[in-house]
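**Q** Need the 3D shape of this:
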Amino acid sequence: MAPTSIERASASSSTSIPPWKYDVFLSFRGADTRENFTDHLYTALIERGIHTFRDDEEIERGSEITPKLLKAIEESRFCVVVFSKGYAYSRWCLDELVKIIECVKENGQTIIPIFYHVDPSDVRKQTGSFTEAFVNHEKQYEEETKRWKAALREVSNISAGWHLEHGYESVLIKKITNDICKRLRCKILHVEYESKFIKRFVNEIRRRLNCKILSVGENIVGMDFHLDKLNSLINNKSNEVRMIGIYGIGGIGKTTIAKAICNSISYKFDGWSFLENVREIGSSCGLLQLQQNLLNDILNGRNIYKYHNVDEGVNVMKDRLHSKKVLIVVDHVDNLSQLECIVGKHDWFCQGSIIIITTRNKHLLTCHGVDEAYEVKELNYEESIELLSRYAFKQSLPKDDYKNLLVRAIEYAKGLPLALKFLGIFLFSKTIPEWESSLCKLRRKIPMEIESVLKISFDGLDDMEKDIFLDIACFFKGKDKDFVSRILDGCNFYAESGIRILVDKCLLTVSNNKLDMHDLLQHMGWEIVREQCLKEPGERSRLWEGEDVSHVLTRNTGTKAIEGIIRDMSTSKQIRFTTRAFKQMRRLRLLEVHRDVEYDSMMKYCKDKCIPREHLPRDFTFPSHDLRYLHWDGYPLKCLPSNFHGENLVELSLQSSGIEVLWDKKVFRKLKTFLREGRKALCDNKRPSESVIDTVTLNHNCKWLLEIPEFPSSLREIDVHHCCRCRVIPSYCRIASNQIFRYNGKGISLLIDGSSGVPGWIGHQNLGNEVIMHLLLNWYENIDFLGVSLFSLFHINPVNGFEEKAEGGEDLPPCSLKCELSFLGEQFRNCG
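**A** Just a heads-up that it's a prediction; the model follows:
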């Protein structure tokens, strides 16, 4: 038989899976088959995971098809029409059939006719039981009758139909469902025994009763707070699809919180899935497996759709999930592609669906467009005591004899549930001396069970990001972000980008522009460096512990592996720095020799006594050309080493130093910041010819300086407010109006050439300061010189202590600025 027009329309449709809402639309006459054949067929289709629409209205329907039913026909891939003996008596059924044929011709759907105890020729020719029905129709609906008859003829001519006249209905139903499965490219399931069917039936009842509970453990502390926060974010009164992100440091409890919220709200949904540890499963089994796992959960093990790649899986996911209100938790995501293939967009899901994503990377949530992101914070002190006590003592409160030790353990864990749980289990039933010994060991080496969890985030960084993390962990925790960025940029690490990535991945925090990280993350960083060479510190990239630094510098075991050294003179014994000790450190980037506040105080009140200093021979040399940061408190020599390589230096800090000659013949092309503090003036004040220095700070003991040393024209800010004896800025110094000059002394002397104008730093003077301006003797020969006019109003800024010029002036208390102008030795004094 030649194919009909509707068969040709079906065949010409795309072979890819279109975004149908339903797989099957059932068309039938309720009075004939609702409670027998059609009900059995519907149940069989649902059991096979075939999404089927059935109109369940049993009341007498009106004369027209409802919009809901019309929409269901349009959104169904297959239309199964059950012709029964009384089918033609229903005008509703006949109108439905006409609509089905129209949709097939427009959208390429497929009609599957079933002739239930009726001959196909009776349907085609309107004979038999169809004759009487149409006799009645022709009397009242002449025009409609023509369309109905044409529709019946066209459908009854379809070759791929089913005819039940004799035999078992169950056999036919099985054949029909298998046929639809084949067309949907599904797996064909074998006939199941009754016991298996009963088991599945019980499982379905259990699911509907929400008997599937995810394990969240026994000793849970602070969960109510998290659930309240998440419920407020999930609150879905508008019945929209909501995507909620949960992020935080590894071991903070994101998975446990997600399981708890899942247990508390899953009963509200048609189906739900918890995809645990997506990072690991995705890397080992692939994204395709994750898609299949999700569909199996949502369809209760009836995922009968067969697809061979992720792209096909995406189409099936969108098709299957579009009609169900679902709850999906995607746990431990570390790659955007995982989200794109599993929970791509909001319009994949039915209204009211909730998607929860847990990750250590906040940036992933932003990129995926979640509606809300919730950061899980560390437990507070009381919660930490309770959680640790539950594991260590099997009770909510600590034992009296262990309270002091418990405080030390809590200080170590810093509110991280993973660490608190490990400590509690590890220290359970141990004696007080054993607690003491264990806590001392933990200070030196982070347990593998904790490190392995935290290190996952570190392993996901690129090489530059790892270097930034390790530099901050070893040297710069608690330091100013701008200061650290300046140095790391000098190392070509692209600090701004790298720091942002570390913050997004919960490896770093920035508060009040200070860099910080969890203590255990810092311990992990230390351990990563130690593992570079367990036996010999000189083979490691970074040295920060006093014993290791002393070991390397006294035994001369330094190697080219060393990139950074920090030495705290106040906590280490005095050692002798030698050229030999540094000889092999050709890749040294960072060197800091510093003292703490206590040491500084001792220096201040014991000026004439012998205070331990680092000894440095006069012939000391630095071998490294890579030095970016040099900080040396109390640098003992009068000048930097003759072979000092400063071309890559970014930050130079010589506090309380004896240095007198800085620039000499040295080149500082990249120097950004110079900090100096000392009694002696810089004898060599020649301006360096090649430098981009933009910040100079002369602190505390620089009050002995009488003249500001010369600095390059790139200078953006100079802070000499401790230099109370300094009176002169040389004529070469051109400080523009957008630059800042801080001064806190009693007077300042400025020599100008007449055409440079009054510098902007005048507006930063304090109350009572005296400014003296000297004009060159030949000022009258300069044709650009027009004269000098100086008038300013200042007000006290309680924040930074400096005076700032008022924009209006009328609402601020005026202050006097004493100005003295000198022309050819003749002085004109103006006191305002």
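
**Q** What residues sit buried inside stretch 149-159?
**A** 149, 151, 152, 154, 155, 156, 157, 158 (16 or more other CB atoms under 10 Å). To be clear about C-beta, it is placed using only N, CA and C from the backbone, and glycine gets the same treatment.

**Q** can you check stretch 551-571 too?
**A** 551-553, 558-559, 561-569.

**Q** I'd like the residues you listed laid out as JSON lines, including secondary structure and distance to residue 327.
**A** Shown next, in JSON lines, are these (DSSP: H, G, I helix; E, B strand; the rest coil; distance: CB to CB, whole Å):
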{"residue": "551", "secondary structure": "helix", "distance to residue 327": "57"}
{"residue": "552", "secondary structure": "helix", "distance to residue 327": "57"}
{"residue": "553", "secondary structure": "helix", "distance to residue 327": "60"}
{"residue": "558", "secondary structure": "coil", "distance to residue 327": "58"}
{"residue": "559", "secondary structure": "coil", "distance to residue 327": "56"}
{"residue": "561", "secondary structure": "coil", "distance to residue 327": "51"}
{"residue": "562", "secondary structure": "coil", "distance to residue 327": "53"}
{"residue": "563", "secondary structure": "coil", "distance to residue 327": "49"}
{"residue": "564", "secondary structure": "strand", "distance to residue 327": "49"}
{"residue": "565", "secondary structure": "strand", "distance to residue 327": "53"}
{"residue": "566", "secondary structure": "strand", "distance to residue 327": "50"}
{"residue": "567", "secondary structure": "strand", "distance to residue 327": "56"}
{"residue": "568", "secondary structure": "strand", "distance to residue 327": "53"}
{"residue": "569", "secondary structure": "coil", "distance to residue 327": "59"}
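
**Q** Kindly reformat those residues as TSV containing distance to residue 514.
**A** Shown next, in TSV, are those (distance: CB to CB, whole Å):
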residue	distance to residue 514
551	31
552	29
553	30
558	31
559	33
561	30
562	27
563	23
564	20
565	23
566	18
567	22
568	19
569	24
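
**Q** Closest one to residue 388 out of those residues, please.
**A** Nearest to residue 388 among the buried residues of stretch 551-571, counting by CB to CB, is residue 568 at 31.5 Å.

**Q** ok, what's across the strand from that closest one?
**A** Beta-bridge pairing of residue 568 under DSSP bridges involves residue 594.

**Q** Kindly provide the distance from it to residue 589.
**A** 19 Å (CB to CB, to the nearest Å).

**Q** ok, now residue 353?
**A** In terms of CB to CB, residue 353 sits 51 Å off from residue 589.

**Q** which outside residues touch stretch 253-266?
**A** 210, 212-217, 220, 223, 226-227, 230-231, 234, 246-248, 272, 274, 276, 327, 329, 331-332, 354, 356, 358-360, 376, 417-418 (CB atoms under 8 Å, 6 or more residues apart in numbering).

**Q** at 6 Å instead, please
**A** The contact list for stretch 253-266, computed with CB atoms under 6 Å, 6 or more residues apart in numbering, reads 213-214, 216, 223, 226-227, 230, 246, 248, 272, 274, 327, 329, 331, 356, 358, 376, 417.

**Q** And the residues you listed, which of them are buried?
**A** 216, 226-227, 230, 246, 248, 272, 274, 327, 329, 331, 356, 358, 376, 417.

**Q** Of those residues, which belong to strands?
**A** Residues of the buried ones among the contacts of stretch 253-266 located in strands (DSSP state E): 246, 272, 274, 327, 329, 331, 356, 358.

**Q** residues contacting the fifth one?
**A** Pointing back at residue 329 there. With contact taken as CB under 6 Å, 6+ apart, residue 329 is in contact with 258, 262, 274, 356.

**Q** Now do the last one against residue 279, distance only.
**A** Taking CB to CB as the criterion, residue 356 is separated from residue 279 by 16 Å.

**Q** Check residue 623 too.
**A** 44 Å.

**Q** Same question for residue 582.
**A** Using CB to CB, residue 582 is found at 43 Å from residue 279.

**Q** These two: who's more crowded?
**A** Per other CB atoms under 10 Å, whichever of residue 582 and residue 279 has more neighbours is residue 582, with 22 against 17.

**Q** can you give me the helices for the stretch 451-600 of the chain?
**A** 463-471, 481-490, 495-504, 519-530, 546-555, 579-582, 597-605 (DSSP state H, counting those that start in this stretch).

**Q** and residue 72, which of those helices is closest to it?
**A** Residue 72 lies closest to helix 495-504 among the helices of the stretch 451-600 of the chain, at 44.9 Å (CB to CB).

**Q** now that closest one: mean pLDDT?
**A** Helix 495-504 comes out with an average pLDDT of 95.

**Q** Contacts for that helix next, please.
**A** In contact with helix 495-504 (CB under 6 Å, 6+ apart) are residues 361, 362, 363, 464, 465, 468, 469, 485, 488, 489, 508.
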